[in-house]
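Undergrad: predicted model and sequence follow; I will ask about them next.
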Amino acid sequence: MEFSTLLNERRSVRKYQPAEITQEQIEELVTAALLAPSWKNTQTGRYYAVCSSEKIDEFRNTALVSGNPAKCENVSCLIVSTFVKNIAGFSRTGEPDNEPGNEWGAYDLGLQAENLCLRAREMGFDTLIMGLRDEETVRKFCDIPETEEVMAVIAVGKRDEEPQMPPRKPLERVLKFI
């Protein structure tokens, strides 16, 4: 698929139809995520895949909040993204290299999430990145160590809707030439 077509087709999908996803396909998504650049090549992103329909239902009904449980009904899998704390954005002695500190881990995960979502679309799947979740329930459910920061839950599945692209801000509002 041509890259510009892929960019224009990718949407945050909130209604899914039942569809299978294999372990190999999930591995392919995470492999695409890992191709993203990271702070000093620290590669601190970590992933936890919730795959069986029983586990998905239990997870979405206990760990997700607000309207998110309904938005990921019938998904093929849920992928939790985390990063190892105090590495990206820090020197070897543990001091922050600049003011963002651990925010670099979050930045790196954002780059990885985009790769994962684009690869999913290319493979015929769709995604929804959800930040509204109960961190402690997610941590306990996936056995995530305290050394990792829980960032998002990404729903992966086959769309059962055709969401339209919302309007984008004009370039003159977001781009300044110096």
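TA: Right, received. Where do you want to start? Numbers count the residues shown, from 1 in each chain.
Undergrad: can you pull out the strands in this structure?
TA: With DSSP state E as the criterion, the chain has strands at 16-17, 45-50, 77-84, 126-130, 148-159.
Undergrad: now those strands as JSON lines including mean pLDDT and distance to residue 170?
TA: Every residue, glycine included, has its C-beta placed from N, CA and C. Formatted as JSON lines, those follow (pLDDT from 0 to 100; distance: least, CB to CB, whole Å):
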{"stretch": "strand 16-17", "mean pLDDT": "98", "distance to residue 170": "33"}
{"stretch": "strand 45-50", "mean pLDDT": "98", "distance to residue 170": "33"}
{"stretch": "strand 77-84", "mean pLDDT": "98", "distance to residue 170": "31"}
{"stretch": "strand 126-130", "mean pLDDT": "98", "distance to residue 170": "25"}
{"stretch": "strand 148-159", "mean pLDDT": "98", "distance to residue 170": "28"}
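Undergrad: now those strands as JSON lines including mean neighbour count and distance to residue 63?
TA: Below are those laid out as JSON lines (neighbours: other CB atoms under 10 Å; distance: least, CB to CB, whole Å):
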{"stretch": "strand 16-17", "mean neighbour count": "18", "distance to residue 63": "17"}
{"stretch": "strand 45-50", "mean neighbour count": "20", "distance to residue 63": "9"}
{"stretch": "strand 77-84", "mean neighbour count": "24", "distance to residue 63": "9"}
{"stretch": "strand 126-130", "mean neighbour count": "23", "distance to residue 63": "10"}
{"stretch": "strand 148-159", "mean neighbour count": "22", "distance to residue 63": "7"}
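Undergrad: got a markdown table for those, with distance to residue 3 too?
TA: Below are the strands of the chain laid out as a markdown table (distance: least, CB to CB, whole Å):
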| stretch | distance to residue 3 |
| --- | --- |
| strand 16-17 | 25 |
| strand 45-50 | 22 |
| strand 77-84 | 23 |
| strand 126-130 | 17 |
| strand 148-159 | 20 |
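Undergrad: all set, thanks.
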